[in-house]
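>>> Got a predicted model here, sequence first, then my questions.
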Amino acid sequence: MANLKDVILQMKDVQEVKKCVNDELKSGLEPIEIVNELAEALLKVGEKYENGEYFLSELMMAGILATEVINLLDPYLTKDQESETKIKIVIGTVKGDIHDIGKNIVIMMLRAVGFQVLDLGVDVSAEKFMDSIRNEQPKVLGMSALLTSTINEMKNVIDVIKNEGLRESVKIIIGGRPVSEEFAQEIGADGYGRDSVDAIKVVKDFIS
């Protein structure tokens, strides 16, 4: 049986990807393990795109397949969770950026390990991030960006939160392909997630 990573890298159609996920679930593979496979596949797709092996069409197709996997696994990862007792995290893609695949994988993994996650979606303004902190009082705020042209919006969000006197109430983690540990330190974030697995580790460190 082909694993999900191979099926996505081979750019199989949606039905074949769904069948692969269902077969892996039936074989006893945990949903979080399948999410890890998906994360590895998307990382490889990104590398192939940067190296010129894949083009925009393959990048878009991988996004479509990943969305199908996310939709299929979400009920398995969110069922039987009592959200009132969970530590709350707010996550969004910053203003000017509409990419959400990586963000959605992080959200799924956070939920799978027991966090309550509020997804603000994409193209999120600094004011919306700020309002979510004031109204939801999360322990952690996560910001994502894929476009180099939008990463400075992360600093703008942090500045707005500081100006409102809310900075000390929340830990901030940032992530996305153009972001780095150095950039996180430069803009005053508390942490940086290199990938979805690393992001979970950083958030757990915040809480502990």
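That came in fine, so what should we check first?
>>> Quick check: which element contains residue 142?
Secondary-structure assignment from DSSP states H and E places residue 142 in strand 140-144.
>>> How is the chain partitioned into domains?
Residue ranges for the domains of the chain, per automatic domain parsing: 4-78, 83-207.
>>> how distant is the shortest one from the center of its chain?
Average the C-alpha atoms of domain 4-78, do the same for its chain, and the two points are 14 Å apart (Cα atoms, centre = their mean, to the nearest Å).
>>> mean confidence for that domain?
Mean pLDDT, domain 4-78: 87.
>>> Now do the contacts for residue 190.
171-173, 184, 206 (Cβ atoms under 8 Å, 6 or more residues apart in numbering). (Each C-beta comes from the backbone N, C-alpha and C, glycine too.)
>>> From residue 20, how far off is residue 192?
32 Å (Cβ to Cβ, to the nearest Å).
>>> Could you check which of these two is surrounded by more residues?
For residue 192 versus residue 20, the count of surrounding residues by other Cβ atoms under 10 Å is larger for residue 20: 23 against 20.
>>> Name the nearest residue to the more buried one, sequence neighbours excluded.
The shortest distance from residue 20 to any non-neighbouring residue, by Cβ to Cβ, 6 or more residues apart in numbering, is to residue 7 (4.7 Å).
>>> Could you count how many residues lie near the one you found?
For residue 7, the count of nearby residues is 23 (other Cβ under 10 Å).
>>> now residue 95
Counted with other Cβ under 10 Å, residue 95 comes out at 19.
>>> Isn't it up against residue 152?
No: checked against Cβ atoms under 8 Å, the pair residue 95 and residue 152 is beyond contact range at 10.5 Å.
>>> Please report the residue range of the longest helix in this structure.
For the chain, the longest helix by residue count, based on DSSP state H, is helix 56-78.
>>> just the angle between the helix or strand following that one and strand 140-144, please?
Using DSSP H and E, the helix or strand that directly follows helix 56-78 along the chain is strand 88-93. Between strand 88-93 and strand 140-144, the angle comes out at 10 degrees (axes from the mean of the first three to the mean of the last three Cα atoms, to 10 degrees).
>>> pLDDT averaged over the helix or strand just after strand 88-93 - what is it?
Counting by DSSP H and E, the next helix or strand C-terminal to strand 88-93 is helix 101-112. Per-residue pLDDT over helix 101-112 has a mean of 81.
>>> neighbouring strands for the next helix-or-strand element following helix 101-112, and are they parallel or not?
Remark: after helix 101-112, the chain's next helix or strand is strand 116-119, criterion DSSP H and E. Strand 116-119 pairs in its sheet with strand 88-93 (parallel), by DSSP bridges.
>>> residues in contact with the partner strand?
99-100, 103, 106-107, 110, 115-124, 128-129, 132-133, 136-146, 203.
>>> wait, isn't residue 180 in contact with residue 192?
Yes: counting by Cβ under 8 Å, residue 192 is a contact partner of residue 180 at 6.8 Å.
>>> For the residue nearest to residue 73 when sequence neighbours are not counted, give me its contacts.
Spatial nearest neighbour of residue 73, chain neighbours left out: residue 31 (5.0 Å); criterion: Cβ to Cβ, 6+ apart. Neighbouring residues of residue 31 by Cβ under 8 Å, 6+ apart: 25, 73, 76-77, 112.
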